[in-house]
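Asks: I would like the atomic coordinates for the input below:
(chains A and B, ligands or ions: 1)
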Amino acid sequence: MTFDVVIGCEVHVQLFTETKAFCGCGNTFGGVPNSRVCPVCAGLPGALPSPNARMIEYAVRAGLVLNCSIAGLTKFDRKNYMYPDLPKGYQISQFDMPICFDGFLDIEGEWGSRKIGIIRAHLEEDAGKNLHSEDGAGLSYVDLNRCGTPLLEIVSEPDMRSPEEAVAYVQEIRELMEWIGVSDCNMEEGSLRCDANINLWIYEGEKKYATPITEVKNVNSFRALRAALHFEVKRQRAEWEEKRLTLEEVGKVTRGWHEASGTTILQRHKEEASEYRYFPEPDLKPILVSKALVEELKAGLPELPARTRNRFVTDYGITMEDAVQLTSSRAMSCYFEDACREYDGEPKKIANWILTEVNGICNQKNIGIAEFPVPPSGIRELLAMTDSGRISGRIAKSVFAEMAETGAAAVEIVEKNGLAQISDRSTLEGIVREVIAGHPKSVEDYRNGKSNTIRFLVGQVMKKTGGKANPGMVNEILEEKLKP
Amino acid sequence: MTLTELKAAMERGDLSAKDAVAAFRDEYLEDCKHPQPLNCYIEFFDDALAKAEKADAARAKGEGGGLCGLPLAVKDNILVEGKPLTCASGVLKGFTAPYSATVVDRLVSDGMIVTGRTNMDEFGMGSSCEYSIYGPTRNPVDRELTPGGSSGGSAAAVASRMAPAALGTETGGSVRLPAAFCGVYGLKPSYGTLSRYGVVAFGSSLDQIGMLARSPDDIALLLASCSGADRHDATSEESGLEEILPLRPKEIGGVRAALPEEFFGEGIDPEIKEKVKAFASYLERNGAVVEPLSLPILKSAVAMYYIIAPAEASSNLARYDGIRYGFRSDDAVTLEDLYTSSRSKGFGKEVKRRIFLGNYVLSSGYYDAYYKKAQQVRTILCSGLAGVFDTYDIIVSPTSPCTPFRIGEKVDDPLSMYLTDICTTFVNLALLPSLSVPCGKTRAGLPVGVQIVGKRFSEALLLGIAKTYHESGGT
Ligand SMILES: [Zn+2]
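Replies: Take a look at the predicted model:
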């Protein structure tokens, strides 16, 4: 028996507009429950939606980078179902005329390159959240803060053939959406959510069978997505061998990922209760998306990460590996390029500095590079000082730590603390003489052929000068003086 | 006094707002003592008199807006901030409006005083004003009769002089029918003229606030204040009606009027036919071109209406689930129970009937056969009517096929009740403006309304013709 894994994804991306999809409430995360709620998002009697123009623009931008066609005319529909976190009893969504359709993404990895078809990307409003008390009182609460948040639901073809491909696909979406600034794609805060549909195509001799499709819900990290899909492959395979259930017999089931046990668990889900009864939203007019607007938005798109990566390799002579890391967010790629501007040295040095020192401090403080206090020019100035020999590499690290702490410029810190490198030959000769006089044993060792001993002596000079001595020069002087 | 006359009297200083509101309130209190009260107000607001006093003070300082101190009654499905709102339904018991409808907001900013909320058919569903948890409203012309629905409370309040003017709403004729039944003017403006923000939705693509008053001028006065696009309602539009004042009588000579044969045939009360024909000959005598017209699709309007309106209503009423506000059943255990029990107990039978109907026509098995088909026919109706207005300025027909019927007469016969909307529903489907004009009484003394329909945003024409007719004494 051989089989193929078949995966399709529905990715919900929360569009990071200033206000919600159909009202003026702020579109931010969290907050005191029900503090960001107006008559419209609470679905009060008489309230009507009025569409956010920015949401349409964001959807078009997203559609363009997903290689989609953009509908010239699009409309909203009502998706009717009752649930406590859905205050109107329907969700405004798009049914038969999505704003973006027929797109694709290329994903690359150990499988080579694969083109994943995108059926559609449509706009909809998010629902609220039900909160269930955990004190045993059995009470449930509804928080409507998230109600009306604009979402773009991106529906792929079932073109992925392994959990790794699915993860790569969702990561690619995450990177693109974050890159073009339409979403922060924070999976933990739910601004990127993914439901994956998975089944197996089993080949037995001439025959091909499809196992029932599982829609996997509740995956809120890439790790969970991967683990849940791997679990499903195993589970479906075992189920097939035991029961030989096919897609035709069972259809689709919903299973939730259970993090603690590392398994998926069968769920009863709300849409089973009734059908959605879609119909055109009569409170909103159809929306014309002009060619001119699409062109304008296309022109305003930034260079996409794949292209930026290649350019970094050719323009700055850095490795592809570094380029990939530097383009993991648009903020970081801009930071890198800004730092390289007007820098005379090797851009590779800047890349290294960002990927080790800057990232180190960012991780330690748990902030993004956008909030990092040292501007790109600060990195450039610091490295220029080491390049010219004004400070040593070791001093540079401590200067940088202070820059990140106080926001002061490198030059200021070096001057204030007297950290400039000692490259004055006669000063260094004096110190070297003292060190040689103070360590006769080492001098003897060196002269007896233990050439490594010179490192110890250089260290002693450094110690005496508080690390400020120019190491190259110290080495040179020492060698000269130690000649028998 | 009409609204316009009240306005003039207040401006001259002959009448204070306080006295005016007191007079309307006294009329209401007097009626409450009657063995068969009209029951047109659900609630006459306690603070109306105090607001009138404030308006008088503002006027004395030269402030207060163009409609300063003028009273207005408002149907119980239009939100007035801080006041209860129920749509005459048990489901909204205990709900207080946290904001005002845009239209109310604009009228109040111009100085109007809301006297109270008027009775209606539950959620606007009905043609008799009997489907109300507050009991039926009676027709001031004869208390045994219904005032027509669903804005029956508003029409009766105006006709009985408990308010000079009132706001109603319509989805298929609910302003015009009670206007005709009670002998007052009723305007259904073009869809989009007035913001629907703050109006409890019934059939969103058909709903519109309408005005009930005793003269075309009064209606123009209200329109000028509250029309115009609203950022809260994406379907609202600039209609230019803020410029309607002063309302000019329209020269009848040269007006081209069409009389659709479909509304003069079987099923129409002969006496009503006679009165409407008399109106047509008034137009003709004064130089209008009046011609019969056949537009068979008009006959399908009621059928279309009773698919589209319940479909939208079933969705619009889903929010009344007992979770966040209004009535919640206290004997529910599961979530499913909570919905079922709250909604079964909260909604009345006509509302339930239409929710079932709406869910049925939207269900996947029947969507194409009913809802989609109705939408297609609606498109044909609209283009057919556009063709009519290429040739004619107005369409003239009866407002209602029958004179006011007795309370209880049709309440258990929904189909015959639905047919009272036969002449009016096409207007809502085609987003047109339509005015019901009182045009005399039958031999039994019952009011008859003639309906004038124009093309979109031609309210000034309709009201101008009515004004000419009104000022000529209707002869
Ligand atoms: Zn809101």
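Asks: The ion contacts on chain A?
Replies: Chain A comes close to the ion at residues A:23, A:25, A:38, A:40-41, as judged by CB under 5 Å from the ion. C-betas here are computed from N, CA, C, even on glycine.
Asks: want to try CSV for those residues, with secondary structure and pLDDT as columns?
Replies: As requested, the residues of chain A next to the ion are exported to CSV (DSSP: H, G, I helix; E, B strand; the rest coil; pLDDT from 0 to 100):
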residue, secondary structure, pLDDT
A:23, coil, 97
A:25, coil, 96
A:38, coil, 96
A:40, coil, 97
A:41, coil, 94
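Asks: And the lowest-mean-pLDDT helix or strand in chain B, how far out from the chain middle?
Replies: Least confident helix or strand of chain B, by mean pLDDT, DSSP states H and E, is helix B:414-418 with a mean of 86. Here helix B:414-418 is found 19 Å from its chain centre; the criterion is CA atoms, centre = their mean, to the nearest Å.
Asks: Name the next helix or strand downstream of it, please.
Replies: Moving toward the C-terminus from helix B:414-418, the next helix or strand (DSSP states H and E) is helix B:425-429.
Asks: Can you list the buried residues in the helix or strand that that following helix is followed by?
Replies: Using DSSP H and E, the helix or strand that directly follows helix B:425-429 along the chain is strand B:434-441. Within strand B:434-441, the residues scored as buried using 16 or more other CB atoms under 10 Å in any protein chain shown are B:434-440.
Asks: buried ones in the least confident helix or strand of chain B?
Replies: Within helix B:414-418, the residues that count as buried by 16+ other CB under 10 Å are B:414, B:417-418.
Asks: Right, and chain B sits closest to which residue of the stretch 301-450 of chain A?
Replies: residue A:301 (27.9 Å; CB to the nearest CB).
Asks: Counting neighbours, what do you get for that residue?
Replies: 13 (other CB atoms under 10 Å in any protein chain shown).
Asks: Secondary structure element holding it?
Replies: Applying DSSP H and E, one finds residue A:301 in no helix or strand.
Asks: Show the contacting residues for it.
Replies: A:61, A:64-65, A:180 (CB atoms under 8 Å, 6 or more residues apart in numbering or on different chains).
Asks: and what of residue A:186?
Replies: A:29, A:192.
Asks: From the ion, how far out is it?
Replies: Using CB to the ion, to the nearest Å, one gets 22 Å for the distance from residue A:186 to the ion.
Asks: Let's verify that residue: helix, strand, or coil?
Replies: Judged by DSSP: H, G, I helix; E, B strand; the rest coil, the three-state class of residue A:186 is coil.
Asks: and it, how far is that from chain B?
Replies: 29 Å (CB to the nearest CB, to the nearest Å).
Asks: got a list of what residue B:363 touches?
Replies: A:275, A:277.
Asks: which residue sits closest to the residue nearest to the spatial centre of chain B in space, ignoring its chain neighbours?
Replies: With distances taken as CA atoms, centre = their mean, the residue of chain B nearest its centroid is residue B:175 (2.3 Å). The spatially closest residue to residue B:175, leaving aside those adjacent along the chain, is residue B:210, at 3.2 Å (CB to CB, 6 or more residues apart in numbering or on different chains).
Asks: That neighbour reaches residue B:177, doesn't it?
Replies: No - contact between residue B:210 and residue B:177 fails when scored by CB atoms under 8 Å: they sit 10.7 Å apart.
Asks: So the two - more neighbours on which side?
Replies: More neighbours surround residue B:177 than the other of residue B:210 and residue B:177, with 35 against 31 (other CB under 10 Å).
Asks: pretty sure that one contacts residue B:401?
Replies: No - the criterion here is CB under 8 Å, and residue B:177 misses it with residue B:401 at 10.1 Å.
Asks: Find the residues that touch each one of the two.
Replies: Counting by CB under 8 Å, 6+ apart, the common neighbours of residue B:177 and residue B:401 are residue B:420.
Asks: where in the chain is pLDDT low?
Replies: Here I'm looking at chain A. A:268-274, A:484 (pLDDT under 70).
Asks: Wait, chain B was what I had in mind.
Replies: Those would be B:475, if you go by pLDDT under 70 across chain B.
Asks: For chain A, what's its nearest residue on it.
Replies: residue B:318 (2.4 Å).
Asks: quick one: that residue is in a helix?
Replies: Yes - counting by three-state DSSP, residue B:318 is part of a helix.
Asks: circling back to that earlier point, tell me which two in the residues of chain A next to the ion are the farthest apart.
Replies: Within the residues of chain A next to the ion, A:25 and A:40 form the most distant pair, 7.7 Å apart (CB to CB).
Asks: Look at those two and report which has more neighbours.
Replies: More crowded of residue A:25 and residue A:40, by other CB under 10 Å: residue A:40, with 24 against 21.
Asks: Correct me if wrong: that one contacts residue A:49.
Replies: Yes - Residue A:40 lies in contact with residue A:49 (CB under 8 Å); the separation is 6.1 Å.
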